[in-house]
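Enquirer: Got a predicted structure here, sequence first:
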Amino acid sequence: MSGNSLWAATAAPAPPMPPLEESRRVDVAIVGGGYTGLSAALHLGEGGASVAVLDGGEPGAAASGLNGGQVNPGLKQDPDEILALYGREAGERLVEFAGGTADVVFGLIEKHGIACDATRVGWIQPAHSKEALETVKRRIDQWQRRSAPLEVLDRETTAELLGTDRYHGAALDRRAGGIHPLSYARGLARAALSKGASIYGQTRAVAIDRRNGSFRVTTGRGPSIETPRVLLATNGYSDQLWPKLRETVIAANSFQTATSPLPEELARTILPRGHVASDTRKLLRYFRRDATGRFLMGGRGPFAEPKGPENFTHLVRMVEDLYPALRGVSYEFHWSGRVALTRDYLPHLHEPVSGLLAFLGCNGRGVGLATAMGMAIGKHLLQPERFPLPFPIAPIRPIPFHGLQRLYVATVIAYYRLLDLR
């Protein structure tokens, strides 16, 4: 984590997740204690499997506990594009899966009584240009043909629901909502523990060796896990644990800032009904209010880790551009987390050797997508014939010249900034 996170300051207490002290054998070892790993552990535990989750820090506190807390379904690609990529039969299954990811999140919250300030009013995707509004309309049409609860908002309604007149119209997706992301992660962990899963914090996996059809996951603390199956769920925080895996994604920084609680008269005019929002810019702005009445703004930042509030001034300018009435408000929190981006903006599922799965590359849709994929992988490992994986297995293909990813990010940001001016 970089900076002073609102979520870390206001989250529900974490359940006990002590380090691994003794070697043991389990049915499935999971490396990475974010949404994917915790959801997989929960569903494996429910199915009677023994599970050990290893996390190098505090489980749930990295990307899963640092994001904007927007539970938005779908992928970056629209349904028709997914069908063109995967074919009609496989594509429709994937569209159905992606469209239901928010349902999975809110279903788990209800089932396990997770206290995470969950609201489900919907996600507004406002269009920053007339051309972007036409794209939004095409997207809505594709989802409406599948009976999804999306609709087009005209300029006036968009302004009313957002509290700003800077947009040309919007999409409203009623499947979506907002959560406290770290409280949600800790709730998933508590639910997984209740189903018999073991979760070990401050326990970094440093090596994976395969022998006689089994794996040994060695930790930096010394003890190891023996297991026939491994799930790597490290996403944007992947390291060299498995060859070339980290080189398949760009781990870009996403910055966020949060104000002090807004005065009541201001709060009544900004996102007054509790929607979450992220716009159509290539360098999108994502914003919402939290349960305490703070206003949050997020967006891309430089590749380097921030050093202080001065690195977040671009977000303050975004806030003041959309909401001039917020000029002069105080900002209490500034933080950043990593987003795993793939070259094709699709999530990647790998099985480099039999018995080892890796999932990464949520491309900014991690709350719903990672949770749902954790569930899908957990059920698949228990009953593969009954529960096929929603994404095809793909080979590990490193991004060329991955060591220059800082240059990649800077170049792409500059290019996108030009596109957003159109």
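Expert: Done, it's in. Bear in mind that the values here come from a model prediction, so they are computed numbers and not experimental data.

Enquirer: who are the neighbours in contact with Thr101?
Expert: 71, 73-74, 365, 368-369, 371-372 (Cβ atoms under 8 Å, 6 or more residues apart in numbering). In short, each C-beta sits where N, CA and C put it, glycine included.

Enquirer: Next step: the residues you listed restricted to helices.
Expert: 368-369, 371-372 (DSSP state H).

Enquirer: Which one of those is nearest to Leu54?
Expert: Proximity of the ones in helices among the contacts of Thr101 to Leu54 (Cβ to Cβ) peaks at Thr371, which lies at 19.2 Å.

Enquirer: what's the burial count for Leu266?
Expert: Each residue near Leu266 was counted by other Cβ atoms under 10 Å, and the total is 17.

Enquirer: Now for it: which residues touch it?
Expert: Leu266 neighbours (Cβ under 8 Å, 6+ apart): 325-326.

Enquirer: measure it to Leu326 for me?
Expert: As judged by Cβ to Cβ, to the nearest Å, Leu266 and Leu326 stand 7 Å apart.

Enquirer: the strands in the stretch 201-350 of the chain, which residues?
Expert: 205-211, 214-219, 224-227, 229-232, 250-259, 276-278, 286-289, 295-300, 331-341, 348-353 (DSSP state E, counting those that start in this stretch).

Enquirer: Of the ones you listed, which is nearest Glu151?
Expert: The nearest among the strands of the stretch 201-350 of the chain, by Cβ to Cβ, is strand 276-278 at 15.1 Å.

Enquirer: Need the CA coordinates for the helix or strand that contains Glu92. CSV is fine.
Expert: Using DSSP states H and E, Glu92 maps to helix 88-99. Below are the C-alpha coordinates for helix 88-99, written out as CSV (Å, rounded to 0.1, in the frame of the first residue of the first chain):
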residue,chain,number,x,y,z
ARG,A,88,-21.5,-17.6,-30.0
GLU,A,89,-21.8,-20.5,-27.6
ALA,A,90,-18.7,-19.9,-25.5
GLY,A,91,-19.2,-16.2,-25.9
GLU,A,92,-22.7,-16.2,-24.5
ARG,A,93,-21.6,-18.3,-21.5
LEU,A,94,-18.9,-15.8,-20.8
VAL,A,95,-21.3,-12.8,-21.2
GLU,A,96,-23.7,-14.4,-18.8
PHE,A,97,-20.9,-15.0,-16.3
ALA,A,98,-19.5,-11.5,-16.6
GLY,A,99,-22.9,-9.9,-16.4
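
Enquirer: Going by neighbour count, list what's buried in the helix or strand following that helix.
Expert: Following the chain from helix 88-99 toward its C-terminal end, the next helix or strand by DSSP H and E is helix 101-112. Within helix 101-112, the residues that count as buried by 16 or more other Cβ atoms under 10 Å are 101-102, 104-106, 108-109.

Enquirer: I'd like a version of those in CSV, one that adds pLDDT and distance to Gly236 as further columns.
Expert: Below are the buried residues of helix 101-112 laid out as CSV (pLDDT from 0 to 100; distance: Cβ to Cβ, whole Å):
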residue, pLDDT, distance to Gly236
Thr101, 98, 18
Ala102, 98, 21
Val104, 98, 21
Val105, 98, 19
Phe106, 98, 24
Leu108, 98, 22
Ile109, 98, 24
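
Enquirer: From these, pick the one nearest Ala376.
Expert: Distances from Ala376 to the buried residues of helix 101-112, taken by Cβ to Cβ, are shortest for Val104, at 9.0 Å.

Enquirer: how near is the closest one to Met373?
Expert: 9 Å.

Enquirer: Arg397 too?
Expert: Taking Cβ to Cβ as the measure, Arg397 falls 19 Å from Met373.

Enquirer: quick one, which of the two is more surrounded?
Expert: Neighbour count, other Cβ under 10 Å: between Arg397 and Met373, Met373 has more, with 27 against 13.

Enquirer: And the pLDDT for the more buried one?
Expert: The score at Met373 is 98. That number is its pLDDT.

Enquirer: Isn't it up against His380?
Expert: No: counting by Cβ atoms under 8 Å, Met373 sits too far from His380 to count as a contact (10.0 Å).

Enquirer: that older thread, quick check: of the buried residues of helix 101-112, which lies closest to Asp154?
Expert: Ala102 (24.5 Å).

Enquirer: Leaving out sequence neighbours, find the closest residue to that closest one.
Expert: If the residues on either side of it in the chain are set aside, Ala102 comes closest to Pro73, at 4.3 Å by Cβ to Cβ, 6 or more residues apart in numbering.

Enquirer: Return the distance of the residue sitting nearest the centre point of the chain relative to Gly68.
Expert: Nearest to the mean C-alpha position of the chain, counting by Cα atoms, centre = their mean, stands Gly366 at 1.8 Å. Distance, Gly366 to Gly68, using Cβ to Cβ: 10 Å.
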